[in-house]
Every structure is written in structure tokens, then in C-alpha cells.
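Peer 1: Let's see this in three dimensions:
(chains A and B)
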2 protein chains.
Amino acid sequence: MSSQAPHPTLLIPGPIEFDDAVLQSMSHYAESHVGPGFVKTFGETLSLVRKLFQSTSPAAQPFVISGSGTLGWDIVASSLIEKGENALVLHTGYFADSFASCLETYGANATQLKAPVGDRPSFEQIEQALQEKPYKVITITHVDTSTGVLSDIKRVAEIVRRVSPETLVVVDGVCSVGCEEIAFDAWDIDVVLTASQKAIGCPPGLSILMLSGRALDRFKTRQTPPSSYYASLGNWLPIMQNYENFKPSYFATPPTQLVHALHTTLSQITARPMAERFAVHAQASDRVKAAVAELGLTQLAANPENQAHAMTAIWLPEGLAPPDVLPGLLKRGVIFAAGLHKEVATKYIRFGHMGVSVTSGRQDVDNAIAALKEALTEAKQAKGL
Amino acid sequence: MSSQAPHPTLLIPGPIEFDDAVLQSMSHYAESHVGPGFVKTFGETLSLVRKLFQSTSPAAQPFVISGSGTLGWDIVASSLIEKGENALVLHTGYFADSFASCLETYGANATQLKAPVGDRPSFEQIEQALQEKPYKVITITHVDTSTGVLSDIKRVAEIVRRVSPETLVVVDGVCSVGCEEIAFDAWDIDVVLTASQKAIGCPPGLSILMLSGRALDRFKTRQTPPSSYYASLGNWLPIMQNYENFKPSYFATPPTQLVHALHTTLSQITARPMAERFAVHAQASDRVKAAVAELGLTQLAANPENQAHAMTAIWLPEGLAPPDVLPGLLKRGVIFAAGLHKEVATKYIRFGHMGVSVTSGRQDVDNAIAALKEALTEAKQAKGL
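Peer 2: Numbers count the residues shown, from 1 in each chain, chains lettered A, B, ... in the order given. Got it, this is the predicted structure:
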């Protein structure tokens, strides 16, 4: 039973429903950010981030910084690329365009490899692009929240290591960390950047990153100074290293209460094998995808191997737009999101199925499927379809 | 009575003790960041920020962004100055050095006007410096948390408008907003940047700024694009304007639970005249300063007109360092901070007296004064002083 006030179930692709214990851990009394109590909490939290990424490499380094997930792009763009260097951006939706803008803001040359809406660039296209010029980084949106398209980051990393071994593999894992498999060390990934409010199950406000030793080496051997202050790895690296060694350290005041929430949710998540968590999300996803098909609907991600496991982007029937359907869902106690991909935003809706809504034996997904069926029928009748 | 677990009283110059209602407001159930409930909360919060700054100018604009207070420096440095332009940094402690580093990271020429530890540059020096070259911005740390030195931002703004009217007056108000008088419109200030965790009484994790119409105009007429993505005013301005007009808007997911906490604390603060709040802080400060003098101790800020009203930086007796005194305070249930100004960090301690500890009829300040007296006696005895 939840201690939270009655409310419609939030099933958008983040923020998501909160676990009671996570929410309550933010009510911890005030602590000094450099006092032993908080230093221990923050240090442990950083170690838990390693477990979240299934990483045991001492050369790798987790970062937890006050900010939105977006801040992770600035960290990559200002710390890992220098002016005039090339970035290959694999485009599977809205978030690649934004990441490319961020890279260009800091002077990188961003080349986007685009796929049609709902698809992803082929492995052949990626390999060919990597052969055309030297790229300092390749960026991959693991799951694009605007389309629900899943990328195969393991396979892309393999291609990079074979064709262009010096290129840093940067994964935007905002909508994948905590629900899609990521074996950071084993897959030889260089950066995963993410946010707290999706499958990690923490309130929004934390930018979370994992960096490989290779990425840190590349930062340390830059020719020019980092082009940001708040987003510079150089300012944060000693802070993270000190806290993880239970030593107080100061660059900017950490968001103490959110760190408590992250500590709680990561303790819950890592108490069981990550493989089990991924499987639970895959099972829930299969149920959702089957129900969507049964309703005669299709997904933006048409190919099953491109489909994310923690969200589903669903084309609406011809003649219906999100405002025709979302109020009917809300009336039934369920909140979905409207479309976000600019070209097609008015034609689809997004259903997030991650975190406590799928891991805690709650009926959220089944209720949402039933509500979707009713709301669609109602909307079609209202439109005379 | 507090519902928080028993704990030592946090009397550092931020983060500070939390009001129960503020803390509990973070336990709000999950909401969509673009749903009507949260849009209303965020919109109202932005309007409350205007009241906090005693501003009614429609041209001025509040910003509330996920990040530490430090992020405000990047926003100024990347959005309001262009490469090669001049910044005059008034130095009253640690934070001016850091702000200058941030400005230089983005290509500004930062000139520091330094005063001896505990003092501030004179009005004559400031006027002379402004006459020497054209400055795009002047930055003033309203209260430097490392020294407890208060700057007279009203007087500095007057000098700027007379001598160099185009120069933007940028106030670092991290340790002053909510406890020191700021009349944003009346004093003709261009930027105040602050953080949530000091006299505003909210947990850390929000970068809060107020910008004048003049500052926004200067941003809009830049010759070059902003040199940051996450810290660009251009990305945030439409978002803030939309939310304040109760329209959903998306650039990066806002920190929903911290915004609830900010809404609660600003509602409390602005429910009474700001002048009353400043007076309560001044009275508490007078009590602390008198007690410090009675103990035979002096402050880093030697001149009463330079002394902050929400914190006191206290020189320790010769022969004592912070580790000799802070444990004795903790044993008595009180947490003070060690020194922070690099040159003299081992020679002083800092006592924060702001927010609920002084506004809610709590005995925190009296208890801390008594604890300080005992802890000093004990430390001197232990050292045979």
C-alpha cells in the first residue's frame, strides 16, 4: 500500500511513479554536505552506481551531479570533444537533434546519421560512416524517448572497436539505464549519461554519468581547456573520487535530499541481479506490445528488435490525435504522454512501463491496457469513426 | 515540534535546517512535468520568486533551473558576456576567485578588485576601476560565505549607473537572498543568482536567478551564440515564460519535488513583508555578534558595516584550529563549519544563523552561543591555553 495521496497513475516515459521509501528518504533531516553522515551516503551511492552499470573496473568513474539529464550532454560536449573535432550522432528521434545542437554549441562538427521515424541507422551505415572520417565520439541514444526506438549499443560498440578503435562510445541512457541491459565494462562503452527520473525511479534533478578509463584519459590529455565550468569533468572528478573514498570535498553543494533518494532506489535495484530486472521489464513490455497489437494498433518502432522495453510509442488510429485520447485515459486514472517527435507529434501517444509500475506486483500496466482500450473506443465513437 | 528524527542542529552557512512543511512537500506523488498540476505549481513558484526579489517589473524574468548555485555563474558567463569582453570581479573571499575562473573559462577577461581578508573594495576603488575600461559586467558577491563579508550592492549599483551605465550589475546572492535586503527593481540590479539551500530554506539542487529587462536585452543582442547549451538563457527563457503563464513547456525535465519544496518555502517567506524577515535576521545577527565580542573573539569582517546578517565568520583564539572546537560543538548538538578562505582556513569557524533557526521562535541561536562558549573553554583547557 502506498502512503501517497490518491492520484492518477503516472505512466509516461519519465518521471515515473515513486516508491514510498524513495520518496520518504528525501525527508531526511538537514545535514552538512561535508559532514560524515552525508559523506557516507554519497560515497555509497557512487559505489551503487557502479553496480547499476555492472562495472567493476577501478579505472571507470561514476558521477552524480545536480542537474537535469540534459546536463550530461554538456559534460560530454565540453569535456570530451575539442573545437573542430568530429562527432557522429546516430539519430533515432528528437533527442539526437538536441544532442547534436549541444555538441555544436561547444564547437564540435556533428554529423547526424538519420533513419526514418521509428527506425535506426543500420550497422552497415554506421560502419561506413566511421570509415569516412575520424570521429572523436559516436553518440547513441539507447532508447529515444520520443519514438521508443531501442538501439543495439553492444553491437555498435563492437563495430567502433573494430573500425575506429579510438572513437569514444557515448550512450545517452536517459530512458534505458535501469531497464535495458547495459554491461558497461564487458561491452567496452566509454560514457553512459542518464537522469534520475526514469527507470532508476528517483525524482528528477540528478545528472548521472559513468565514464571509462579511456574517456577519462582522453579528458586528461586534451589540448585545450574544457569549455565549460559547471559541466567540466575536471571540476567534478576529484569530488567524486573523494566522496567515494568517504572524504568530504567541495566544488558545488550536492543536492543532499535527492542523493538520499538515489541511495534508496539504487539499494533496492542492486539488491537483486540486474538480469532479473531487465527480464521483468521485457515481460511487461511483451504484454503491452501484445495488447497494442490486439487493439489493432501499431508502434513507431515497427521492427521488434528496435522496440524499447520500458516504453511504447503507439500510432493513434487515423483521425485521432492525443487530445482525443489522453483525457479519456486520465478519467480512468492513467496518465500517458503525447507525441514528442516534431514531424509526427500529433499522431501518436507514449506509454511508459518501468520502475515500480512493473517491478512491484502493482496492477498499473493491466489497468492502463484496459483504460487504453476503453478510451480509444470512446474517442472513436465521439469522432464517429 | 519537528517531525524530523532527533539530530544535531545544522548551523553552517548552508544547507540549513529544514522546516517540516518544506521537507514534506517533496513527498508529493509523481506528476507529469507538463501536466496541469505541476505546471500550476511551477508557474506560481516563478511568480513567488518575483516577490522574493520585491520585483514588479514585467520586463524582469525569474529562472528556476535544476543545478547547484554554481550553475548561475555559468549562465552569466556563457549568456551575458562574449569572448574577449571585460568583467570586473569585486573580491571579498573565496567565491570571487571561483566566479572569475568561471568567467575566464568562457573567454571573458576577468579583472579582480581585491580587498584584504575580511574587507571589501572601497567605493572609490570601484569607481576608479570602472573608469579605466569598459566592463560588460561587474560581479559582486553580496555575502561571501567564506568570510561573512557583506557588500553594499545598492551603493555599488548607484556607482555603476553613474560611471558606466551600460555595465550589467551581477550579484552573487547565494548567501544573501532571503536574509539580506534586495530591492531588485528599485536598486536597478541586472542579475541576482542564488541557490535554494541557504536563507531560502529549501534543500539544495536549484539554481535560481532573477534577470532585468536590460540583461535580457543584452542577451538577445549578442554578436555570437551563447557558449553553453544547458546554461544558455536562450534555451530556458521560453520555458520560464510559458510556465509562468501556466503553459507546459519542455527543454529539460524540471526537478519536480524540489520545485514543490521551493513553492512551500517561498509561500511562507512572502506571506509576510520582506522587511520583517530582514529585520529578524539582523536582530539574530546582532545577538550573535555581541556574544562573539563577549567571548573576546573577533570576526573576519572587522567593520560592522561589512558584516553579514545571516552568518558570522569568527577568528579562533591563537593556538586553536577548527578541529579543536567543532567536535565540542557537535557533542553539544550544534554543527558549525570550518574556515573556507584558502589563506586562513585553519584559523576560523563559521556560524550560520538564517531561515527557520531564526524566524520560527526556535532556541537554535541561543543554544549555539552557549555551546560555543563551553566548547571554546574546553578546547583551551585541553591545549593548556
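Peer 1: where along chain A do the strands fall?
Peer 2: All strands of chain A, identified by DSSP state E, fall at A:9-10, A:61-66, A:86-91, A:109-114, A:137-141, A:143-144, A:149-150, A:168-172, A:191-195, A:206-211, A:311-315, A:334-335, A:337-338, A:348-352.
Peer 1: So which other helices or strands are in contact with the first one?
Peer 2: This points to strand A:9-10. strand A:334-335, helix A:364-383 (3 or more C-beta pairs under 8 Å, 6 or more residues apart in numbering or on different chains; DSSP states H and E). C-beta: built from backbone N, CA, C; applies to glycine.
Peer 1: all helices in the stretch 51-200 of chain A, in order from the N-terminus.
Peer 2: Along the stretch 51-200 of chain A, counting by DSSP state H, counting those that start in this stretch, helices occupy A:71-79, A:94-105, A:123-132, A:153-163.
Peer 1: any chance of those helices in a markdown table, with mean pLDDT and mean neighbour count too?
Peer 2: Below are the helices of the stretch 51-200 of chain A laid out as a markdown table (pLDDT from 0 to 100; neighbours: other C-beta atoms under 10 Å in any protein chain shown):
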| stretch | mean pLDDT | mean neighbour count |
| --- | --- | --- |
| helix A:71-79 | 98 | 29 |
| helix A:94-105 | 97 | 22 |
| helix A:123-132 | 98 | 14 |
| helix A:153-163 | 98 | 17 |
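Peer 1: Low-confidence stretches in the stretch 151-300 of chain A?
Peer 2: Across the stretch 151-300 of chain A, no stretch falls below the confidence threshold (pLDDT under 70).
Peer 1: Point out the residues in it that sit beside chain B.
Peer 2: Within the stretch 151-300 of chain A, the positions near chain B by C-beta under 8 Å from any C-beta of the partner chain are A:195, A:197, A:203-205, A:225-232, A:250-258.
Peer 1: ok, 7 Å please
Peer 2: Residues of the stretch 151-300 of chain A found near chain B (C-beta under 7 Å from any C-beta of the partner chain) are A:195, A:197, A:203-205, A:227-231, A:252-258.
Peer 1: In helices, which of the residues you listed fall?
Peer 2: Of these, the ones assigned to helices by DSSP state H are A:T256, A:Q257, A:L258.
Peer 1: what sits against the last one?
Peer 2: Residues in contact with A:L258 (C-beta atoms under 7 Å, 6 or more residues apart in numbering or on different chains) are A:M26, A:S196, A:C202, A:P203, A:G205, A:L206, B:G205.
Peer 1: and the residue nearest to the fifth one when sequence neighbours are not counted, what does it touch?
Peer 2: Meaning A:G205. Using C-beta to C-beta, 6 or more residues apart in numbering or on different chains and skipping the chain neighbours, the partner closest in space to A:G205 is B:P255 (3.3 Å). B:P255 makes contact with A:P203, A:P204, A:G205, B:S66, B:G205, B:L206, according to C-beta under 7 Å, 6+ apart.
Peer 1: Between the residues you listed, which sits nearest B:T45?
Peer 2: Among those, B:L206 lies closest to B:T45 (C-beta to C-beta), at 9.7 Å.
Peer 1: picking up where we left off before, need the contacts of A:L258 in TSV (columns: neighbour count and distance to A:T145).
Peer 2: Below are the contacts of A:L258 laid out as TSV (neighbours: other C-beta atoms under 10 Å in any protein chain shown; distance: C-beta to C-beta, whole Å):
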residue	neighbour count	distance to A:T145
A:M26	25	24
A:S196	30	14
A:C202	32	17
A:P203	29	17
A:G205	31	17
A:L206	29	17
B:G205	31	22
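Peer 1: All good on my end, thank you.
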